[in-house]
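*Asks:* Whatever this is, show me its structure:
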Amino acid sequence: MRIYKLIYYDFFLKSIKVNSAPEIPVYAMLSFTQTSNFITIINIIFAITRPNFNYDVLKLVLICPILFYFLNYYYFTKKGNGAIIIKDKSYSLGKYSFLLSIYNLGSFFLMAITYWFYSGVLKLQF
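*Replies:* Reported below is the predicted structural model:
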């Protein structure tokens, strides 16, 4: 959960400079990262267990970001955790904040690679 708080802190401070409502792009970034991580976990579990069905990844890609967006809105705005995170300077990564962008991009590529393994393009032998 700490990685999502770091992403929230960093992208909120970047977004507040150019947006009057900085939460919207922050929640979008968080929801896409969480969707990538969720689908990666599902793909790894299914690649190991080899179920006899093929799930529709496109439905997950359409539904999960919306679901995570509202969950992030509730957690960070309605519960007030976003204001607490912004006040806490321990979430600042300083010059290493570019690592969060690499993490976001890496989570997307990891999702694609694990789906590639799960879908059977590369047959894994366990």
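
*Asks:* those helices in this structure, which residues are they?
*Replies:* 2-15, 23-49, 57-73, 81-87, 98-118 (DSSP state H).

*Asks:* contact partners of the last one?
*Replies:* By C-beta atoms under 8 Å, 6 or more residues apart in numbering, the list of residues contacting helix 98-118 from outside reads 3, 6-7, 10-11, 29, 32-33, 36-37, 39-40, 43-44, 46-47, 57, 93, 122, 124. Placement of C-beta: from N, CA and C, glycine included.

*Asks:* repeat that for 6 Å
*Replies:* Contacts with helix 98-118, where a contact means C-beta atoms under 6 Å, 6 or more residues apart in numbering, come from 7, 10, 33, 36-37, 39-40, 43-44, 46-47.

*Asks:* do the first one as well
*Replies:* Here helix 2-15 makes contact (C-beta under 6 Å, 6+ apart) with 22, 25-26, 29-30, 85, 91, 97, 100.

*Asks:* Rounded mean pLDDT for that helix, please.
*Replies:* For helix 2-15, mean pLDDT rounds to 91.

*Asks:* what's the angle from that helix to helix 57-73?
*Replies:* 70 degrees (axes from the mean of the first three to the mean of the last three C-alpha atoms, to 10 degrees).
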